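K.L.:
Give me coordinates for this.
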Amino acid sequence: FSRFRLRRHDIRYVNFEMIHPEDVVIIGGGGIFDYAEFINRTVNRLLDTGAAVIGWAPGFNTHREYQRSFDTTVDYDRFHLLAVRDYENSQGIAYLPDVTCKLPQLQQQFQVRREFGIARHKDFPLSIPGIESIDNSGDIDEIIQFLGETEVVIANSYHMTYWATLLGKKCLNPAGFSSKFESFEHPPTFFDPAVDDLADVATKARTYDVLDAAVAQTDDFFTKVKAIVEGRLSVSTDKADTYLLATESATFYQRARESMLSFGDMVASRLLIDSGDGFHSHDSITTVSNVFGDELLTAHFDLT
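P.N.:
Presented below is the predicted three-dimensional model:
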């Protein structure tokens with residue numbers, strides 16, 4: 001995609017003025033459908049732009065504590081291309097594994113170091129005395145290593161359940177807080193931690209050998225996306241475009257980020273350096289500062 005004029009938006013802060021009928025809009029994965037009323041409305045508004053909207057394995061995600069009928073229903077028929085991560089879903093939409101099956105860390109081999117391990121969602125506590133745990137807010141390498149070194153994974157996070165399955169692990173899930181746990185193609189074994197005997201439940205769990213198939217399905221979907229992008233868009237050769245788009249993206253990201261900052265928060269600022277082939281994270285300098293009230297924040301970069 002770097003060959004084309006590329007803008008990134010957060011689903012919560014879409015700049016609709018930048019989206020035109022001749023564009024291609026790709027809505028990435030994650031549980032966005034029926035999660036919140038405003039997101040359903042945002043998706044429909046993206047469909048109203050006239051652009052070719054592609055849904056790349058988003059999922060349904062109604063949290064039980066907020067479960068209700070939504071006033072807005074997504075108009076799924078208007079997607080240019082759509083596949084969801086929910087297997088045999090109620091809408092009859094084509095299935096596609098979550099794109100994180102392409103994580104290179106999942107191709108590694110690990111030596112098992114623990115019988116049971118807990119992979120918990122950072123916002124939903126899960127603990128069992130004597131069992132090591134990790135949450136989904138950490139470094140991806142550490143998370144995958146923890147899952148790989150565990151024989152039986154107890155997870156209440158969608159992605160850590162999914163990754164454990166792709167790694168060929170027995171996976172136990174305590175039924176979950178959201179509808180997204182009901183539609184795995186290769187489901188975990190559900191159990192009640194307060195009632196069920198862990199060792200007994202683990203004997204009923206099964207493993208799957210499905211990583212290669214998930215990657216192949218994702219690669220096939222990418223071929224379809226690539227054809228749409230190349231059929232509608234022209235390759236960008238204007239250097240000024242690159243700088244303009246990078247500036248626009250950074251500006252809107254900063255506006256969204258500022259609305260969530262509190263007094264004393266740490267803010268990382270990054271200077272991207274174009275050494276001849278565009279902007280890349282490895283050609284950058286990062287500095288960290290504190291936020292103090294309404295003072296002007298000045299970031300200093302050493303360019304030597």
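K.L.:
Can you report how many residues neighbour residue 300?
P.N.:
Counted by other CB atoms under 10 Å, the residues lying close to residue 300 total 7. Backbone N, C-alpha and C define where each C-beta goes, glycine included.
K.L.:
which residues of the stretch 101-250 of the chain fall in helices?
P.N.:
Using DSSP state H, counting those that start in this stretch, the helices assigned to the stretch 101-250 of the chain run over residues 140-148, 158-166, 198-204, 211-232, 239-258.
K.L.:
Pull the CA coordinates from the second one and hand them back as CSV.
P.N.:
The C-alpha atoms that make up helix 158-166 are tabulated as CSV, following Å, rounded to 0.1, in the frame of the first residue of the first chain:
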residue,chain,number,x,y,z
TYR,A,158,-10.4,-13.0,21.9
HIS,A,159,-7.0,-12.7,20.3
MET,A,160,-5.0,-14.7,22.9
THR,A,161,-7.6,-17.5,22.5
TYR,A,162,-7.2,-17.3,18.7
TRP,A,163,-3.4,-17.2,18.9
ALA,A,164,-3.3,-20.1,21.3
THR,A,165,-5.5,-22.1,18.9
LEU,A,166,-3.2,-21.3,15.9
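K.L.:
That helix - contacts with which helices or strands?
P.N.:
When contacts are defined as 3 or more CB pairs under 8 Å, 6 or more residues apart in numbering; DSSP states H and E, helix 158-166 sits against strand 114-120, helix 140-148, strand 150-155, strand 170-173.
K.L.:
Provide the contact partners of it at residue level.
P.N.:
Identification of contacts with helix 158-166 by CB atoms under 8 Å, 6 or more residues apart in numbering yields 31, 59, 98, 100-101, 103, 106, 119-120, 136, 143-144, 147, 150, 153, 155, 171, 173, 178, 180-181, 184, 186, 188, 208, 210-211, 214.
K.L.:
what bits of the stretch 151-300 of the chain have low per-residue confidence?
P.N.:
By pLDDT under 70, the weakly predicted segments of the stretch 151-300 of the chain are 237-243, 245-246, 249, 257-264, 290-297.
K.L.:
One more pass at 80, please.
P.N.:
When the per-residue scores of the stretch 151-300 of the chain are filtered using pLDDT under 80, the ranges that remain are 175-177, 236-268, 277-278, 280-281, 288-299.
K.L.:
quick revisit: return the most buried member of the helices of the stretch 101-250 of the chain.
P.N.:
Highest mean neighbour count among the helices of the stretch 101-250 of the chain (mean count of other CB atoms under 10 Å): helix 158-166, with a mean of 25.
K.L.:
what number of residues lie near residue 53?
P.N.:
As a burial measure, residue 53 scores 21 neighbours (other CB under 10 Å).
K.L.:
May I have the phi/psi pair for it?
P.N.:
The main-chain torsion angles of residue 53 are listed as degrees, to the nearest 10 and equal phi -90, psi 130.
K.L.:
so it touches residue 46, yeah?
P.N.:
Yes: using CB atoms under 8 Å, residue 53 is in contact with residue 46, at 5.5 Å.
K.L.:
which residues do these two both contact?
P.N.:
Each of 25, 27 lies in contact with both residue 53 and residue 46 under the rule CB under 8 Å, 6+ apart.
K.L.:
if we can go back for a sec, turn the helices and strands packed on helix 158-166 into CSV, columns for distance to residue 299.
P.N.:
Rendered in CSV, the data for the helices and strands packed on helix 158-166 read as follows (distance: least, CB to CB, whole Å):
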stretch, distance to residue 299
strand 114-120, 35
helix 140-148, 27
strand 150-155, 38
strand 170-173, 43
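K.L.:
so which of these comes closest to residue 235?
P.N.:
Distance to residue 235, taken as CB to CB, is lowest for helix 140-148 among those, at 31.2 Å.
K.L.:
Distance to residue 273 for the helices of the stretch 101-250 of the chain - can I get that in TSV?
P.N.:
Supplementary listing: the helices of the stretch 101-250 of the chain in TSV, determined by distance: least, CB to CB, whole Å:
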stretch	distance to residue 273
helix 140-148	25
helix 158-166	32
helix 198-204	51
helix 211-232	27
helix 239-258	11
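K.L.:
Select, out of those, the one closest to residue 275.
P.N.:
Nearest of the helices of the stretch 101-250 of the chain to residue 275, taken as CB to CB: helix 239-258 at 12.8 Å.
K.L.:
helix or strand right after the closest one?
P.N.:
Counting by DSSP states H and E, the element after helix 239-258 in chain order, helix or strand, is strand 266-272.
K.L.:
Please identify the buried residues of that next one?
P.N.:
Of all the residues in strand 266-272, those buried under the rule 16 or more other CB atoms under 10 Å are residue 269.
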